[in-house]
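Trainee: Model the following, please.
(chains A and B)
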Amino acid sequence: MKKVFHLEHLDCANCAAKMETAIRKIPGVISANVSFMTQRLSLETPDDIFEQVLEQAVAVCRKVEPDCMIRR
Amino acid sequence: MEPMSSSQKKMLVRLGIGVFLFGVCLFLPLESWHSVLAFAVPYLVCGWDILWRAIRNILRGQIFDENFLMALATVGAFAIGEAMEGVVVMLFYQIGEWFQGYAVGKSRRSISDLMEIRPDAASVERNGQILTVAPEEVQVGECIVILPGEKIPLDGVILEGTSSLNTTALTGESLPRDVKAGDDVIGGCVNLNGVLRVRVSREYGESTVAKILELVENSSENKAVTENFITRFARWYTPIVVIFAALLAIVPPLLLQGNWFDWVHRALTFLVISCPCALVISVPLSFFGGIGRASRAGILVKGSNYLETLAKSEIVIFDKTGTLTKGNFVVTAVHPQFVSEQELLFLAASVEYYSTHPLSEALRQAVQKPLDPGHISDFQQISGQGVCAIVDGKRVYAGNEQLMQSVGIVWKTCQSIGTIVHMALDGKYLGHIVISDEIKPGAKEAIGHLRALGVRKTVMLTGDNRNVAENVAEFLGIDEVRAELLPAEKVSAAAEYLADTSARGKVVFVGDGINDAPVLAGCDVGVAMGGLGADAAIEASDVVLMDDNPAKLPLAVKIARKTVGIVWQNIIFALAVKGIVLVLGACGFASMWAAVFADVGVSVLAILNAMRTLIEKKQS
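Mentor: Residues are numbered from 1 along each chain as shown, chains lettered A, B, ... in the order given. Down below sits the predicted model:
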């Protein structure tokens, strides 16, 4: 399953890159892409664990860049 | 989105106050720690949020965080008594950040202007009333009404009305397109003058507009090699510079018994340069700008990786029908004997009256008078040769040379290019008609421009007969032709060219996406003729030329090259400046002023340079 989320307050390009790296390290992630230009996160995981992975992605995002929110 | 967000305005005011207070401090006759305290005021006004984030992030374990490094560098400057430098660094850093946000917002907006094709509402006819609903709610088969000045919300067929449509947002074409009842229309075009009633043929999710929007929005996911390289580089750059800074602050003073203040100062200079921002932001920004610039010209690029590949085009392969030629057959010459041109055409159209062959359609269109099927009888189709029928009581043959030979008629050969239809009436040769596929207006120019851009070889692949293919190729100036190919042979031919390129050169395939999807997918970049509404092509390819004009291909290559050029300019410029300042800083020749230039100044210059991708060069 692949979904696209809008990122709010993603203000720095390097943070976007860091978030992308961190999210890709979450177990179960098939692909993850953070675009600073379009302020979007696209996340692909197996269907059954999508919500779990998303939870972790939100946590990772909060750690890397507390101002940035994943809008669900 | 407004031109400047409210937080940007607030920040600007804050920076203004900071600069003012800093100016005041410069003129205050204060000594030692008084002056440090005084400079702390503008410092906090400009940079309190950086300090706050630095503390917050370090508590979360983010060591190499820009905020933290910047805070450390500036607080360090205060600690060693260089308060003024601390303020300047913070001030410039914040100005740089502000500018960065503004520039990115601006280029983002210029891309979203493209998104103006997104329709907001549809006026649909239900139970005799016209209701305004969201385009997503309209069902296939319903009728929608579009008033002049409105955007067409959905794809459909015109039931009533004539008008001109502005397709600029979709194709980059500035000439309006005239439409009438029976024509297909595409959502996203603007209805200029007449009222149109349209029967919806696709729901919103399936419509061309929705597909294009999705494509453009997803394009930033396909990152270019350079983009990934820079991200990886950035991951290593910061830690390495910081480690060097730490070593610089500790080792030399211990070993050389040097001045601690001096070496710490040099280390702080390092910290200021440790952010890879200039690179990390300018590379995606350049690609984003390049993609945006291309889409404004009606060229949709599905990702920066394709833009990068396109810049390295070495061999360009074209499909013939539908790409270089229009794919519609028209009568291009009539060479009659004993009768007039119109008479010969009329006779040909009559004998072909019941035929379903595409050539017969061209004949029927060439005849201005209406045909009377009552005069035509005994129609026969002779497979692979032509047709015959009784027209006005006389036996008429129309077909190729084989047909003439088999019915014992002496024909004249013809030098014209295209399919030749020979005509015979009651055993007498009446001449022939030449039917050919029209070459697209931009095709010749496209080949010429590609060559001027340094493309090594242009190739045409076609299923058509050799004679026609070679003539088209010669007219257009194409280097190599492969004719009479079956679809599978096109794939293997393309594979040969893939093997033929130099190490860095790429193969581009341009097709109409209808039966060449495997080739489109197999080459380095597949370019499809979008043909408004041909969503199959949009899906199968990497780059879509929305207005079907092959002349857009050299433009796409040009934009790609310019973009990649700007990306490399930025990378080299940023690395060179940072490298030089790092070396100078380590030797004690670069102040923190130089460092802040290497960081923020370079970012700003790189961003300005990146925004050049959006600039359109006026073509003469």
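
Trainee: Give me every residue in chain A lying close to chain B.
Mentor: Within chain A, the positions lying close to chain B (CB under 8 Å from any CB of the partner chain) are A:4, A:11-14, A:17-18, A:20-21, A:33, A:35-38, A:40, A:42, A:63-64, A:66-67. Where you see a C-beta, it was placed from the backbone N, CA and C, and this is true even at glycine.

Trainee: Buried ones among the residues you listed?
Mentor: Among the residues of chain A next to chain B, those scoring as buried are A:4, A:11-14, A:17-18, A:20-21, A:33, A:35-38, A:40, A:42, A:64 (criterion: 16 or more other CB atoms under 10 Å in any protein chain shown).

Trainee: near chain A at all, the strand or helix carrying residue B:249?
Mentor: Using DSSP states H and E, residue B:249 sits within helix B:225-256. Yes. Helix B:225-256 lies within reach of chain A by CB under 8 Å from any CB, at B:231, B:234, B:235.

Trainee: Might you report the residue contacts of the last one?
Mentor: If I follow you right, that is residue B:235. Residues near residue B:235 by CB atoms under 8 Å, 6 or more residues apart in numbering or on different chains: A:17, A:18, A:21.

Trainee: Output these as TSV; include the columns pLDDT.
Mentor: Formatted as TSV, the contacts of residue B:235 follow (pLDDT from 0 to 100):
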residue	pLDDT
A:17	84
A:18	84
A:21	87
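
Trainee: of these, closest to chain B?
Mentor: In terms of CB to the nearest CB, no member of these lies closer to chain B than residue A:17, at 4.5 Å.

Trainee: Could you export the helix or strand hosting residue B:292 as PDB, keeping only the C-alpha atoms?
Mentor: Using DSSP H and E, the element containing residue B:292 is helix B:277-296. Provided in PDB are the C-alpha atoms of helix B:277-296 (Å, rounded to 0.1, in the frame of the first residue of the first chain):
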ATOM      1  CA  CYS B 277      22.300  23.800   3.000                       C
ATOM      2  CA  ALA B 278      23.400  25.400  -0.200                       C
ATOM      3  CA  LEU B 279      23.800  22.100  -1.900                       C
ATOM      4  CA  VAL B 280      20.900  20.300  -0.300                       C
ATOM      5  CA  ILE B 281      18.400  23.000  -1.200                       C
ATOM      6  CA  SER B 282      19.700  24.200  -4.600                       C
ATOM      7  CA  VAL B 283      19.900  20.800  -6.300                       C
ATOM      8  CA  PRO B 284      16.200  19.700  -5.900                       C
ATOM      9  CA  LEU B 285      15.200  23.400  -6.400                       C
ATOM     10  CA  SER B 286      17.000  23.400  -9.800                       C
ATOM     11  CA  PHE B 287      15.400  20.200 -10.900                       C
ATOM     12  CA  PHE B 288      12.000  21.300  -9.700                       C
ATOM     13  CA  GLY B 289      12.400  24.500 -11.600                       C
ATOM     14  CA  GLY B 290      13.500  22.700 -14.700                       C
ATOM     15  CA  ILE B 291      10.400  20.400 -14.500                       C
ATOM     16  CA  GLY B 292       8.200  23.400 -13.900                       C
ATOM     17  CA  ARG B 293       9.700  25.300 -16.800                       C
ATOM     18  CA  ALA B 294       9.200  22.300 -19.100                       C
ATOM     19  CA  SER B 295       5.600  21.800 -18.100                       C
ATOM     20  CA  ARG B 296       4.900  25.400 -18.900                       C
END
